[in-house]
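[1] generate a structure from the sequence data that follows.
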Amino acid sequence: MSEYLINKEIPYFGEEGLTCAQSTLRLLIERGVIDLPIESVRMMNYLHGNLKPDAKCGAINAAAAAIGSVFGAWDVGQDNFNGYAVVDKLLAEFTEKFGTLKCEELVGKTLEERVDGQWTCAGYVLWAADKVEELIKEEKARLAAEK
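    The predicted structure is shown next:
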């Protein structure tokens, strides 16, 4: 747990806590938006934006994984096209709101900028979780109406 609280909705997020990607997935699991065991948060451990200069925001990586857990295929021949449309909408709306998907453009390039940028990242985590919840509900409703 982080020594200082960045955001009360995600108390586990921060420099000494979970990454943005882990925090986004955990928040979606805790809210019941996706049905994954809490241990699944581990799979996001290395998908935060601090990995490379051109890396995407970790909250967006987790959001896409969450959408995949609902609409993605897990075997040959399964349809997963609905998930692509949902992820495309997520990426477009994030880019429209924040101007980019790249971590370094959102919070900075240096370690100091990124540590300070965690306050901003918390907002990306919350936005991504809220947007994924909205998009999953919309897509499930649309698919149900088609039946």
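
[2] which strands or helices does the longest helix along the chain pack on?
    Taking DSSP state H as the criterion, the chain has its longest helix at helix 118-146. Here helix 118-146 touches helix 20-30, helix 58-71, helix 81-98, helix 103-107, going by 3 or more CB pairs under 8 Å, 6 or more residues apart in numbering; DSSP states H and E. C-beta here means a position set from N, CA and C on the backbone, and glycine is covered the same way.

[3] ranking those helices by mean pLDDT, which is last?
    For these, the weakest mean pLDDT is recorded on helix 103-107, namely a mean of 88.

[4] in that helix, which residues are buried?
    Buried residues in helix 103-107, defined by neighbour count with 16 or more other CB atoms under 10 Å: 103-104, 106-107.

[5] just stretch 138-146 next, same as before
    Per 16+ other CB under 10 Å, stretch 138-146 contains these buried residues: Glu139.

[6] got the CA positions of it in PDB?
    Taking C-alpha atoms only, stretch 138-146 is exported to PDB below (Å, rounded to 0.1, in the frame of the first residue of the first chain):
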ATOM      1  CA  GLU A 138     -23.700  -0.400 -24.000                       C
ATOM      2  CA  GLU A 139     -22.300  -3.300 -26.000                       C
ATOM      3  CA  LYS A 140     -24.100  -6.000 -24.000                       C
ATOM      4  CA  ALA A 141     -27.400  -4.000 -24.400                       C
ATOM      5  CA  ARG A 142     -26.800  -3.700 -28.100                       C
ATOM      6  CA  LEU A 143     -26.100  -7.500 -28.500                       C
ATOM      7  CA  ALA A 144     -29.100  -8.400 -26.400                       C
ATOM      8  CA  ALA A 145     -31.400  -6.200 -28.600                       C
ATOM      9  CA  GLU A 146     -30.100  -8.000 -31.700                       C
END
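
[7] and it, how far out from the chain's middle?
    Remark: stretch 138-146 is offset 22 Å from the chain centroid, using CA atoms, centre = their mean, to the nearest Å.
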